[in-house]
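Student: Turn this into a model:
(chains A and B)
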Protein chains: 2
Amino acid sequence: MDTEDLEWETVDTEIDYSCPGFDIRLDSVQFPDGSDGEYHYVDKPGAVVILPFTPQGHVVVIDEWRQAVDHVNRGLPAGTIETDTDGDVEATAARELREETGYVAGSFEHLTTVEPSNGVTNSVHHHFVATDCEPAASQNLDHNEDIQVATTEFDDLLAGILDGDITDARTAVSVMQYAMAHSVAEWLGVTGLREPALDHAQVWNMMGVSFG
Amino acid sequence: MDTEDLEWETVDTEIDYSCPGFDIRLDSVQFPDGSDGEYHYVDKPGAVVILPFTPQGHVVVIDEWRQAVDHVNRGLPAGTIETDTDGDVEATAARELREETGYVAGSFEHLTTVEPSNGVTNSVHHHFVATDCEPAASQNLDHNEDIQVATTEFDDLLAGILDGDITDARTAVSVMQYAMAHSVAEWLGVTGLREPALDHAQVWNMMGVSFG
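Tutor: Prediction:
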């Protein structure tokens, strides 16, 4: 069976509900067997997640109240793409870093783009590594944002994720992806982030690791 | 400033919208500065994500249409916790693995629990590693599920994530977390998954890796 046989046809689409931050979209669809149905999902702009390093190699993190999960979340700065920066996601990353932390980066590099929960929402998260981040402005927070800025060791952040103390999946994706790219790069004596063309299976074999 | 100063007080809460799969909850809140406000979020049960290994060390994956992102998604089997298995998340993992893939596992081990997008939803993802998975039943899919089952090499799955070909963040979290735990375990000569008590900073130093 080819994966084309899995596709649904969208017959109609409408916004069924709106609230600050997102809409609920209702699609009328035709399933592969020809029957009709409906599908509801969260229609939300993409977001950026920034892994910001200071010149000393520390990571700038934020502690922020998360009403949906009823606790303070330690994680990376992040924010939603707004219309004024559409088409320039790196500019969104620079703006959100500055607004949420007051830090300004020397440079940004795209790390990965993922779908955080594609069974429920069309939103995507664009992850960036920001280097040479220096405090250069005050925070400029939205009305309902209360954010405390801190710096931490990368190793502590990674340990928090692997131990389960840090539960924010956006932060986990950024930090683990960077750690794996970086460790592979170190292993190969490569400076900076790994080139996508590297053969991972070969690299893991070189590390003496077999899975399963 | 202590992180207690970041907390919001929930004054009232209600369901503002309902559709199959989730509700929208509207909380009336008081911000730390004493002002009042509202917060809308997706109220959704937790879910399980399963990283299933066959006795031959292959990973059982699924290809599935994702209407919200308009493409076929390659990723790990996953599913929502239902009332009948509340309190036994491992039973949910076993059920979803069986229903979506037809495979039955020899054993399950909890890998991590994360919040996929805690600015938008209270849902959590419980990740499990399933070992000794064998085809033992037919799929038993929900009405709107069309799922194609395949097996793949773990290395190929990891490479797909690091290269950006696999965009499903749930799969990325499971696979990278397992890879890091497993590689550290291999490095230390430990059999099976890493014990949480290990000192990651020390392990990374042993690997000659410094970050930032």
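Student: hey, let's count contacts and neighbours off CA atoms from now on
Tutor: Noted.
Student: Strands along chain A, start to end?
Tutor: Using DSSP state E, the strands assigned to chain A run over residues A:9-19, A:22-30, A:36-43, A:47-52, A:59-66, A:71-75, A:78-80, A:103-104, A:107-114, A:125-131, A:134-135, A:147-152.
Student: Could you dump those into TSV and include mean pLDDT, distance to chain B and mean neighbour count?
Tutor: Formatted as TSV, the strands of chain A follow (pLDDT from 0 to 100; distance: least, CA to the nearest CA, whole Å; neighbours: other CA atoms under 10 Å in any protein chain shown):
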stretch	mean pLDDT	distance to chain B	mean neighbour count
strand A:9-19	98	7	14
strand A:22-30	97	8	19
strand A:36-43	97	6	20
strand A:47-52	97	9	26
strand A:59-66	96	6	23
strand A:71-75	95	7	20
strand A:78-80	94	10	22
strand A:103-104	96	16	23
strand A:107-114	94	4	19
strand A:125-131	96	8	24
strand A:134-135	95	14	16
strand A:147-152	94	7	16
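Student: Which residue ranges make up each domain of chain A?
Tutor: Per automatic domain parsing, the domain ranges recorded for chain A read A:3-43, A:47-203.
Student: can you tell which of those is closest to B:V11?
Tutor: For the domains of chain A, the distance to B:V11 is smallest for domain A:47-203, at 12.0 Å, taking CA to CA.
Student: Pull the number of nearby residues for A:E145.
Tutor: When neighbours are counted by other CA atoms under 10 Å in any protein chain shown, A:E145 registers 15.
Student: And it, how far from chain B?
Tutor: Separation of A:E145 from chain B (CA to the nearest CA, to the nearest Å): 9 Å.
Student: quick revisit: using JSON lines, lay out the strands of chain A together with distance to B:A91.
Tutor: Listed next are the strands of chain A as JSON lines, based on distance: least, CA to CA, whole Å:
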{"stretch": "strand A:9-19", "distance to B:A91": "34"}
{"stretch": "strand A:22-30", "distance to B:A91": "31"}
{"stretch": "strand A:36-43", "distance to B:A91": "27"}
{"stretch": "strand A:47-52", "distance to B:A91": "34"}
{"stretch": "strand A:59-66", "distance to B:A91": "29"}
{"stretch": "strand A:71-75", "distance to B:A91": "27"}
{"stretch": "strand A:78-80", "distance to B:A91": "35"}
{"stretch": "strand A:103-104", "distance to B:A91": "46"}
{"stretch": "strand A:107-114", "distance to B:A91": "28"}
{"stretch": "strand A:125-131", "distance to B:A91": "31"}
{"stretch": "strand A:134-135", "distance to B:A91": "48"}
{"stretch": "strand A:147-152", "distance to B:A91": "38"}
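Student: closest one to B:E100 among those strands?
Tutor: So among the strands of chain A, strand A:36-43 is nearest, using CA to CA, at 19.1 Å.
Student: Can you check what angle separates the closest one from strand B:22-30?
Tutor: 30 degrees (axes from the mean of the first three to the mean of the last three CA atoms, to 10 degrees).
Student: How many neighbouring residues does the closest residue to A:S138 other than its chain neighbours have?
Tutor: In space, and not counting its chain neighbours, A:S138 is closest to A:G102: 4.8 Å by CA to CA, 6 or more residues apart in numbering or on different chains. A count of neighbours around A:G102, defined by other CA under 10 Å, yields 19.
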